[in-house]
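1. Need coordinates for the below:
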Amino acid sequence: PAPAPGGTVTDDDARRAVLTSLGEKVILPTVRQLDLSATAMATAIDGHAGAPADAATLATARTAWKTAMTAVQRAEVMQIGPAAFVTDNGGKGLRLKIHSFPQFDACAILAAAYAAEPAAISDATPLTTTGMGAIEFLLFGSGAERGCPTPATVDATALRARHAARLARRVATVATELRTAWEPGGGDFVAQLRTAGLGGMTYSTPQMAMDALSSAIFYFEKMSKDRKLAAPTGFGATDIVECAAVSCPDLAESPFARVSRDNLRENLFAFRDI
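-> Residues are numbered from 1 along each chain as shown. Coordinates of the predicted model:
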């Protein structure tokens with residue numbers, strides 16, 4: 001029940017009020033922006049695929065990817081509910097379908113791009129070959145920097161652009177699915193936060209939902225700080241791949257577009273907002 005006007009909200013009512021506010025004012029606006037920017041990215045990369053030799057369409061596609069990546073990085077720190085792992089309460093694993101860092105296989109991405117009959121991109125497609133990281137590589141990388149062979153008989157530029165467009169459409173579809181899952185007119189996951197402990201299907205207590213949110217923002221500790229910053233700079237961190245040299249720039253999140261610093265900044269802003 002709602003507290004009396006002017007009354008103090010305490011205990012579980014206070015927890016639900018915090019959860020509802022975060023859902024409505026932080027998470028929902030974030031996934032809405034992610035959906036819009038991912039859709040715009042897919043449109044821009046489609047344009048590039050239609051004219052792969054045109055420098056202007058490539059520049060537009062790259063700019064759209066960077067804009068979408070900004071929204072992705074905000075959402076990365078909000079892996080609760082539909083964005084979370086399928087083993088989590090309310091989880092649908094949608095985050096990994098959008099951005100699966102650090103899972104990445106450059107040569108497998110190119111092999112998929114150069115295939116005579118490209119396979120359909122689905123949940124069965126390896127995460128190492130899909131998502132924002134794969135699109136970044138196709139738009140900003142060449143393959144030579146990772147030792148990946150390019151068949152002499154193919155139009156590599158056109159095929160890379162075509163595959164980037166296919167991957168971008170997949171990301172846009174998943175981003176829309178994520179937004180719909182949160183929207184009041186769709187899956188209305190905000191209601192699961194609002195009704196935690198009041199008969200909601202996902203969280204039996206408000207504290208359970210708070211714990212899920214705490215686990216989500218722990219991303220900033222283990223991924224943003226340890227994997228994205230400590231690993232490539234050579235500082236190292238517990239349970240994170242080690243850098244055997246003074247520094248390991250290949251371990252950076254966005255070595256091709258060179259926006260790894262920007263990614264960290266957006267992670268920080270999202271953590272701050274929550």
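
2. When you work out contacts or count neighbours from here on, use the C-alpha atoms and nothing else.
-> OK.

3. quick one: which helix or strand includes the nearest residue to residue 54 once chain neighbours are set aside?
-> Using C-alpha to C-alpha, 6 or more residues apart in numbering and skipping the chain neighbours, the partner closest in space to residue 54 is residue 48 (7.5 Å). Residue 48 is part of helix 28-50, with elements assigned from DSSP states H and E.

4. which parts of that helix are buried?
-> Under the neighbour-count criterion of 16 or more other C-alpha atoms under 10 Å, helix 28-50 has 28-49 buried.

5. what comes into contact with the helix or strand following that helix?
-> Going down the chain from helix 28-50, the next helix or strand is helix 55-76, by DSSP H and E. Contacts to helix 55-76, defined as C-alpha atoms under 8 Å, 6 or more residues apart in numbering, come from residues 27, 30-31, 33-34, 37-38, 40-41, 44-45, 47-48, 51-52, 95, 98-99, 132, 136, 139-140, 219, 262-264, 266-267, 269-270.

6. ok, now with 7 Å
-> The contact list for helix 55-76, computed with C-alpha atoms under 7 Å, 6 or more residues apart in numbering, reads 30-31, 33-34, 37-38, 40-41, 44-45, 47-48, 51, 139, 263, 266-267, 270.

7. Repeat that for stretch 164-183.
-> Residues external to stretch 164-183 that are found in contact with it (C-alpha under 7 Å, 6+ apart): 28, 31-32, 34-35, 38-39, 41-42, 45-46, 49, 82-83, 94, 97-98, 130-131, 135, 138, 186-190.

8. hang on, the earlier thing: angle of the helix holding residue 48 against helix 55-76?
-> Counting by axes from the mean of the first three to the mean of the last three C-alpha atoms, to 10 degrees, helix 28-50 points 160 degrees away from the direction of helix 55-76.

9. Using PDB, list the CA coordinates for helix 28-50.
-> Only the C-alpha atoms of helix 28-50 are listed here, as PDB (Å, rounded to 0.1, in the frame of the first residue of the first chain):
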ATOM      1  CA  LEU A  28      14.000   2.200 -19.200                       C
ATOM      2  CA  PRO A  29      15.400   5.500 -20.700                       C
ATOM      3  CA  THR A  30      18.700   3.600 -21.300                       C
ATOM      4  CA  VAL A  31      17.200   0.700 -23.200                       C
ATOM      5  CA  ARG A  32      15.000   3.100 -25.200                       C
ATOM      6  CA  GLN A  33      18.100   5.000 -26.300                       C
ATOM      7  CA  LEU A  34      19.900   1.700 -27.100                       C
ATOM      8  CA  ASP A  35      17.000   0.600 -29.300                       C
ATOM      9  CA  LEU A  36      16.900   3.900 -31.200                       C
ATOM     10  CA  SER A  37      20.700   4.000 -31.800                       C
ATOM     11  CA  ALA A  38      20.900   0.300 -32.700                       C
ATOM     12  CA  THR A  39      18.200   0.800 -35.300                       C
ATOM     13  CA  ALA A  40      20.000   3.900 -36.700                       C
ATOM     14  CA  MET A  41      23.200   1.900 -36.800                       C
ATOM     15  CA  ALA A  42      21.600  -0.900 -38.800                       C
ATOM     16  CA  THR A  43      20.200   1.600 -41.300                       C
ATOM     17  CA  ALA A  44      23.600   3.300 -41.700                       C
ATOM     18  CA  ILE A  45      25.400   0.100 -42.200                       C
ATOM     19  CA  ASP A  46      22.800  -1.100 -44.700                       C
ATOM     20  CA  GLY A  47      23.700   2.100 -46.600                       C
ATOM     21  CA  HIS A  48      27.300   1.200 -46.500                       C
ATOM     22  CA  ALA A  49      26.600  -2.300 -47.700                       C
ATOM     23  CA  GLY A  50      24.800  -0.800 -50.700                       C
END
